[in-house]
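Q: sequence below, structure please.
(one chain, ligands or ions: 2)
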Amino acid sequence: MMQQSPNDIWMQILSELGDIAREDIFLKQTKPITLTDSQFTVSVPALFTQEQIHDRFLTSINEYLEEFVGTGCRLNITVVQPDNNSTPGFSSAAAATSVLPAKETRLDPKCTFDRFVVGASNRLSHAAALGCAKEPGDKHNPLFIHGGVGLGKTHLLHAVGNYIQAHHSHLKVLYVTSEIFMNEYIDSISARTTAQDFRNKYRTANVLLIDDIQFLRGKEGTQEEFFHTFNELHLNSNQIVMTSDRPPRNLETVEERLTSRFGCGMVADIDPPQFETRLAILRQKCEDYGYENITDSVLSYIAEVVQTNIRDLEGKLNRLVMESSVREEELTVEFAARVLGPLSTQSPVVHHRAITVDDIQEAVANYFELKISHLKSSKRNRAYVYPRQISMYLCRELTSMSLQEIAAAFNKQDHTTVIHACDKIQERIPHDTKLEQDIKLLIADIQ
Ligand code: ADP
Ligand code: MG
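A: Ligands and ions are numbered 1, 2, ... in the order given. Next up, the predicted model:
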């Protein structure tokens, strides 16, 4: 396998990803660069492209890399800006903050405290995270941050890691999602020789940053392993920071002995931001991305319309910038209203109660007068396919489930079905008022 060139492997992966990849404007901008046993590097011209690929394709691509190259091979997407550097602000800042190569720590250099806008909704979590970063292992240990999707939990986790690397460079910082932790744990038990490596890696960290801990629900073996890792680190006053979409007490099917430990340090939550914070975040993002000349009235308009979460806020800003450049039209409030107007599914204010796949399946089944089992079946008639795709799309939008989890909830082996469903719905919304209406009513119902 290793004789194959990066280009061959990349072509193979893109063809496996199918139509979605062929049509995807972001994947079209990738260039394969290097391939080793553990890393496949592709370059993209912009940060936004990197994020889009990261968010939408990373899991699938990593799976294909495992298959075509070998276990442990991961995708690394690096931004190589064209010579006429259009975002000088970002590239210099990124270079300054990346102390260690990102692949060793998996830290995202752009998620720093400097770039985190503080408002009433996240003040407590920000203060607690900064406290941990300044005095790791001392204050607030463990720190448990919880809140809805896209509200800045992962950003804060990376900010802690980046700060510690810059200010306490002797400390070993490890950032990991619970999903990666579980996958590495499974690898370590299937290939016994690496069990020791796994333990060495996690139990010698000075700072363990573990994202989306709700993923461990129902994963008993991984919980057991995490329990031991946690205890060992905690006993030795090493810092642990965790994030979750819900507070420790609501992590059903995570063992009580774990949830009680999660809550024994500091628990802080993040709420959806208010208008002023949303506006300040948009200004920050313009600076990060090097977007100049976007008027305050346009930013206020976006902040007014998008009330859900920050990821969405950022997405809409990027979309407007891109559309105005593609259509060669000036980015005015009128233009923003035209582009974002029909997509007005963005108003559901994030609810405090975490939405589950069961809520979604139940609402969709009622709405289309089907049985939940129809949604989970693999019957291909249109009466089922369309509601099933809507359900998957809603899971992606309203929960923080991974693609695999969504696939499993619909009895699908392969999560590319989920990607396909989400893309399909997303693409149709702007052209299909009925669909837009269905989605709006469903979201209102679910919340
Ligand atoms: P979560 O992990 O809670 O789902 P993320 O940390 O991934 O959310 O945040 C989603 C996006 O919003 C990221 O691009 C992040 O940089 C941005 N973001 C979130 N909160 C803030 C903030 N307070 N200031 C600036 N950017 C933020
Ligand atoms: Mg996150």
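Q: phi first, then psi, for the residue nearest the centre of the chain.
A: Geometric centre of the chain, nearest residue: Asp55, 5.9 Å, by C-alpha atoms, centre = their mean. Per-residue torsions, Asp55: phi -70, psi -40 (degrees, to the nearest 10).
Q: could you check how far it is from ligand 1?
A: Distance of Asp55 to ligand 1, given as C-beta to the nearest ligand atom, to the nearest Å: 9 Å. Where C-beta positions appear, they are placed from N, C-alpha and C, glycine not excepted.
Q: equivalent analysis for Asp108, please.
A: Counting by C-beta to the nearest ligand atom, the gap between Asp108 and ligand 1 amounts to 9 Å.
Q: could you confirm that residue falls within a strand?
A: No: applying DSSP: H, G, I helix; E, B strand; the rest coil, one finds Asp108 to be coil, outside a strand.
Q: for it, grab phi and psi.
A: According to degrees, to the nearest 10, Asp108 has phi -90, psi 110.
Q: so how far is Arg199 from Met25?
A: Small correction: residue 25 is Ile, not Met. In this view, Ile25 and Arg199 are 43 Å apart by C-beta to C-beta, to the nearest Å.
Q: looking at the two, which is more packed in?
A: Arg199 (16 against 10; other C-beta atoms under 10 Å).
Q: give the contact list for that one.
A: Under the criterion of C-beta atoms under 8 Å, 6 or more residues apart in numbering, the neighbours of Arg199 are Thr229.
Q: any idea how far Ser378 is from it?
A: Counting by C-beta to C-beta, the gap from Arg199 to Ser378 is 40 Å.
Q: for Gln361, same thing?
A: For Gln361, the distance to Ser378 equals 15 Å [C-beta to C-beta].
Q: try Leu317
A: 38 Å.
Q: what does Tyr185 give?
A: Using C-beta to C-beta, Tyr185 is found at 30 Å from Ser378.
Q: do the same with Ile390
A: 17 Å.
Q: between those two, which is the more surrounded one?
A: When Ile390 and Ser378 are compared for neighbours, Ile390 comes out ahead with 24 against 12, by other C-beta under 10 Å.
Q: give me the element the more buried one is part of.
A: Ile390 is part of helix 382-398 when elements are defined by DSSP states H and E.
Q: hmm, that helix touching ligand 1?
A: No: Helix 382-398 lies out of reach of ligand 1 by C-beta under 6 Å from any ligand atom, never closer than 12.1 Å.
Q: check stretch 274-281 too.
A: Yes: applying C-beta under 6 Å from any ligand atom, one finds stretch 274-281 touching ligand 1 at Ile281.
Q: please apply the same query to stretch 300-310.
A: Yes: shown here: stretch 300-310 in contact with ligand 1 (C-beta under 6 Å from any ligand atom) through Ile310.
Q: in the protein, which residue sits nearest ligand 2?
A: The minimum distance from the chain to ligand 2, using C-beta to the ion, falls at Thr154 (3.2 Å).
Q: would you agree that residue is in contact with Thr243?
A: Yes: proximity of Thr154 to Thr243 meets the contact threshold set by C-beta atoms under 8 Å, at 6.7 Å.
Q: which neighbours do those two share?
A: Shared contacts of Thr154 and Thr243, defined by C-beta under 8 Å, 6+ apart, are found at Asp211.
Q: Thr356 versus the residue nearest to Ile310 when sequence neighbours are not counted, what's the distance?
A: Once flanking residues are discounted, Ile310 sits nearest to Gly150: 5.4 Å by C-beta to C-beta, 6 or more residues apart in numbering. Separation of Gly150 from Thr356 (C-beta to C-beta) stands at 17 Å.
Q: between the two, tell me which one has more neighbours.
A: Using other C-beta under 10 Å, the more surrounded residue of Gly150 and Thr356 is Gly150, with 20 against 17.
Q: so which helix or strand takes in that one?
A: Gly150 belongs to no helix or strand when assigned by DSSP H and E.
Q: please apply the same query to the one 5 residues further on.
A: Element membership for His155, per DSSP H and E: helix 153-167.
Q: who's in contact with the closest residue to Arg22 other than its chain neighbours?
A: In this structure, Arg22 finds its nearest non-sequential neighbour in Leu14, 7.3 Å apart by C-beta to C-beta, 6+ apart. Going by C-beta under 8 Å, 6+ apart, Leu14 touches 21-22, 27.
Q: what pLDDT does Leu14 get?
A: On pLDDT, Leu14 comes in at 87.
Q: and the residue nearest to the centre of the chain, how far from Val149?
A: 12 Å.
Q: all strands for the chain, in order.
A: All strands of the chain, identified by DSSP state E, fall at 31-35, 39-44, 74-79, 143-147, 173-177, 207-211, 239-244, 266-270.
Q: for the stretch 1-150 of the chain, what spans make up the helices?
A: All helices of the stretch 1-150 of the chain, identified by DSSP state H, counting those that start in this stretch, fall at 6-17, 19-23, 47-68, 88-97, 102-105, 123-134.
Q: most tightly surrounded among the ones you listed?
A: helix 123-134 (a mean of 20; mean count of other C-beta atoms under 10 Å).
Q: quick one: contacts of that one?
A: Against helix 123-134 from outside (C-beta under 8 Å, 6+ apart): 113, 116, 118, 139-141, 143, 145, 147, 152-153, 156-157, 159-160, 163-164, 167, 239, 241, 266, 268-270.
Q: what does this structure put close to ligand 1?
A: Counting by C-beta under 6 Å from any ligand atom, the chain comes close to ligand 1 at 111, 115-117, 122, 147, 149-155, 281, 284, 310-311, 314.
Q: what about 5 Å?
A: Within the chain, the positions adjacent to ligand 1 are 116-117, 149-155, 281, 310-311 by C-beta under 5 Å from any ligand atom.
Q: and for the nearest residue to Asn206 once chain neighbours are set aside, the neighbour number?
A: Nearest residue to Asn206, sequence neighbours excluded (C-beta to C-beta, 6+ apart): Leu171, at 4.0 Å. Leu171 has 16 neighbours, counted by other C-beta under 10 Å.
Q: kindly report the same for His167.
A: Neighbours of His167 using other C-beta under 10 Å come to 12.
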